[in-house]
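[1] Quick one: sequence plus predicted model below, questions after.
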Amino acid sequence: MAVGIAVGDNKKAYPGNLTPFVTVTCIVAAMGGLIFGYDIGISGGVTAMPSFLKKFFPSVYRKQQEDSISNQYCQYDSQTLTMFTSSLYLAALLASLVASTTTRKFGRKLSMLFGGVLFCAGAIINGAAKAVWMLIVGRILLGFGIGFANQSVPLYLSEMAPYKFRGALNIGFQLSITVGILVANVLNYFFAKIHGGWGWRLSLGGAMVPALIITVGSLVLPDTPNSMIERGQHDEAREKLRRIRGVEDVDEEFRDLVAASEASMKIEHPWRNLLQRKYRPHMTMAVMIPFFQQLTGINVIMFYAPVLFNTIGFGSNASLMSAVITGVVNVVATMVSIYGVDKWGRRFLFLEGGFQMLICQAVVAACIGAKFGINGNPGELPKWYAIVVVLFICIYVAGFAWSWGPLGWLVPSEIFPLEIRSAAQSINVSVNMLFTFIVAQIFLTMLCHLKFGLFLVFAFFVVLMSIFVYYFLPETKGIPIEEMGQVWKTHWFWSRYVADEDYPIGGGYEMTKGGQGPKNV
Ligand code: BGC
């Protein structure tokens with residue numbers, strides 16, 4: 001039987017408004033997503049610029065010239081080229097682990113600052129690159145920057161936001177990721193046209209702009225009350241909480257934050273702690289959510305959209321343009337999620353988005369399969385064909401952009417109790433980066449070998465992740481962050497890992513039937 005929780009009459013409803021202060025603060029912090037997005041968008045476009053390929057990856061360039069009529073599936077298959085894209089994600093993986101300590105001991109702000117500065121350094125080296133090694137070193141620095149920013153920004157947002165608006169404010173992070181991707185795609189489109197073929201320098205060096213925004217932003221932002229209490233600054237934290245919530249009476253929320261912090265102080269080894277039985281649900285989510293997010297296959301589109309469109313017969317210019325179109329869809333659909341996440345809940349969006357992506361993957365696989373067959377030689381491609389493929393890719397991107405995209409960052413950042421929050425978030429980021437790396441690194445080879453079947457592999461994972469959400473992910477909308485323990489205690493499956501004393505009832509949550517779980521979708 002499905003047993004869930006609902007917020008009862010004596011619910012915890014901390015007073016507080018969506019003040020201009022918290023709104024502006026969250027918008028500035030969310031800018032941290034820009035650096036990540038800019039980078040995701042820029043690399044695909046740059047690797048589609050012939051002048052860039054000729055300078056750094058001449059063998060890919062030659063192959064592309066020779067093979068352009070024969071096997072389309074394999075024209076970009078080069079390990080060095082994919083290393084260029086994916087080296088960054090390994091660096092980000094390492095940095096997010098280091099960031100756990102910085103974020104916990106010195107506050108969320110300092111990690112954001114590190115993120116901005118490292119990213120800036122990487123952008124300068126990349127813009128000035130003379131050889132492949134400079135490209136790779138630059139990308140490693142960018143990766144360090146992203147590791148720090150992605151570890152700290154989502155936590156910052158979830159802690160700052162009044163709980164009723166937490167979903168919307170947190171998704172500001174994903175929104176700026178998508179804006180970063182779009183801006184990068186538009187810039188690539190124009191820079192690729194520059195005579196003399198040095199436009200890629202502007203594309204890569206341009207990463208300095210979002211880096212400076214988050215660097216300056218992190219210097220002016222306040223720390224979160226949760227983080228200040230965690231570091232012993234109680235009076236300042238209470239003042240800050242009043243300012244953020246825009247009300248005098250913040251006592252109840254403040255007391256609960258202090259209680260959460262005291263629990264967290266008892267923990268000396270947050271990493272070892274993660275293995276305790278009562279954190280099994282959290283750890284499962286910290287690993288499975290980012291894993292599934294990447295196995296939607298979204299980054300095949302994000303990194304390689306221009307390459308992919310090129311492969312299915314668009315010219316280089318038309319390919320970049322189509323990438324711009326998917327970029328716009330990505331931003332707009334993210335806004336839908338901002339609107340709906342605190343109304344319709346996380347589970348609804350996850351399941352609807354999954355269904356939508358599944359349909360599109362099947363259609364795209366069928367279209368590509370029908371025309372390119374096994375040998376990758378399409379002959380003449382009619383115009384309607386290209387339109388259908390782009391259309392379904394857009395519907396797919398929209399599905400991702402209001403489900404797994406934002407929720408892949410939101411849900412982990414809101415479910416971890418304070419005592420493991422920073423460490424668990426690092427796991428979330430590193431798993432995300434690991435699978436971003438794996439998908440980026442093997443996509444072009446997989447395309448070459450699995451051909452259109454590649455899209456079916458991702459479709460299979462979309463089915464799997466939807467089943468996972470349906471059975472194992474409780475609804476988290478409208479529940480204060482430090483009260484989240486209740487959702488596990490009342491969950492049909494996770495309740496066996498979480499004992500009553502692990503999360504003493506204090507929040508006035510009642511047990512009801514059907515609040516969440518398999519029966520209530
Ligand atoms: C993912 C990225 C992806 C982006 C697309 C993010 O949530 O983590 O890997 O490229 O969304 O918008």
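    Looks like it arrived, so ask away.
[2] switch to C-alpha atoms for all contacts and neighbour counts from now on
    Will do.
[3] For the residue in the stretch 1-150 of the chain that the ligand sits nearest to, list the residues it contacts.
    Nearest to the ligand in the stretch 1-150 of the chain, going by C-alpha to the nearest ligand atom, is residue 40, at a distance of 6.0 Å. Residues near residue 40 by C-alpha atoms under 8 Å, 6 or more residues apart in numbering: 181, 302, 303.
[4] quick check, nearest of those to residue 413?
    Relative to residue 413, the closest of the contacts of residue 40 is residue 181; by C-alpha to C-alpha it sits at 22.2 Å.
[5] ok, which residues in this protein are in contact with the ligand?
    40, 174, 178, 299, 302, 405, 406 (C-alpha under 6 Å from any ligand atom).
[6] Which residue would be the closest one in this protein to the ligand?
    Closest approach between the chain and the ligand, counting by C-alpha to the nearest ligand atom: residue 405, at 3.8 Å.
[7] Can you tell me the SS state at that residue?
    Put simply, residue 405 is helix when judged by DSSP: H, G, I helix; E, B strand; the rest coil.
[8] where does the stretch 101-250 of the chain dip in pLDDT?
    Filtered on pLDDT under 70, the stretch 101-250 of the chain yields no residues whatsoever.
[9] out of the residues of the chain next to the ligand, who's nearest residue 252?
    Of the residues of the chain next to the ligand, the one sitting nearest to residue 252 (C-alpha to C-alpha) turns out to be residue 406, at 29.7 Å.
[10] Redo the residues of the chain next to the ligand as a markdown table? Include secondary structure.
    Below are the residues of the chain next to the ligand laid out as a markdown table (three-state DSSP):
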| residue | secondary structure |
| --- | --- |
| 40 | helix |
| 174 | helix |
| 178 | helix |
| 299 | helix |
| 302 | helix |
| 405 | helix |
| 406 | helix |
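[11] where's the dip in pLDDT among these?
    Within the set of these, pLDDT is lowest for residue 302 (83).
[12] count of residues packed around it?
    By the criterion of other C-alpha atoms under 10 Å, residue 302 has 27 neighbours.
[13] just residue 495 next, same as before
    16.
[14] re the thing from before, now the residues of the chain next to the ligand: which count as buried?
    Buried residues within these, counting neighbours by 16 or more other C-alpha atoms under 10 Å: 40, 174, 178, 299, 302, 405, 406.
[15] Just give me the longest helix of the protein.
    Secondary structure of the chain per DSSP state H: the longest helix is helix 418-450.
[16] Of all the residues in that helix, which ones are buried?
    Going by neighbour count (16+ other C-alpha under 10 Å), the buried part of helix 418-450 is 418-448, 450.
[17] again with stretch 15-26
    Applying 16+ other C-alpha under 10 Å to stretch 15-26 flags 15, 16, 17, 18, 19, 22, 25, 26 as buried.
[18] How about the second one: what's its closest non-neighbour residue?
    Going back to what we said before, that points to residue 16. Ranked by C-alpha to C-alpha, 6 or more residues apart in numbering and with sequence neighbours excluded, the top spatial neighbour of residue 16 is residue 245, at 4.4 Å.
[19] thinking again about what came up before, between the buried ones among the residues of the chain next to the ligand, which sits nearest residue 383?
    Using C-alpha to C-alpha, these come closest to residue 383 at residue 302, 23.0 Å.
[20] contacting residues around the closest one?
    Contacts of residue 302 (C-alpha under 8 Å, 6+ apart): 40, 41, 44, 181.
[21] what's the closest non-adjacent residue to the second one?
    So the one you mean is residue 41. residue 181 (4.2 Å).
[22] dump the residue contacts of the one you found.
    Counting by C-alpha under 8 Å, 6+ apart, residue 181 has contacts 34, 37, 38, 39, 40, 41, 42, 302, 327.
[23] Which two of the contacts of residue 302 have the greatest separation?
    44 and 181 (10.4 Å).
[24] give me the low-pLDDT residue ranges for the stretch 401-521 of the chain?
    Looking at the stretch 401-521 of the chain by pLDDT under 70, you get 503-521.
[25] on that earlier part again, would you mind measuring from the residue nearest to residue 41 to residue 137?
    22 Å (C-alpha to C-alpha, to the nearest Å).
[26] Please apply the same query to residue 340.
    Residue 340 is 41 Å from residue 137, where distance means C-alpha to C-alpha.
[27] And residue 502, by the same measure?
    45 Å.
[28] Compare neighbour counts for those two and give me the winner.
    residue 137 (18 against 13).
[29] Remind me which helix or strand the more buried one belongs to.
    Residue 137 is part of helix 132-160, with elements assigned from DSSP states H and E.
[30] Which elements pack onto that helix?
    Secondary-structure packing of helix 132-160 (3 or more C-alpha pairs under 8 Å, 6 or more residues apart in numbering; DSSP states H and E): helix 20-30, helix 32-46, helix 79-106, helix 108-127, helix 166-191, helix 225-230, helix 404-415, helix 418-450.
[31] Now the third one: buried residues?
    I take that to be helix 79-106. Buried-residue list, helix 79-106, by 16+ other C-alpha under 10 Å: 80-104.
[32] Which other helices and strands does it contact?
    helix 108-127, helix 132-160, helix 418-450.
[33] Let me know the angle separating it from helix 32-46.
    Computed by axes from the mean of the first three to the mean of the last three C-alpha atoms, to 10 degrees, the angle separating helix 79-106 from helix 32-46 equals 170 degrees.
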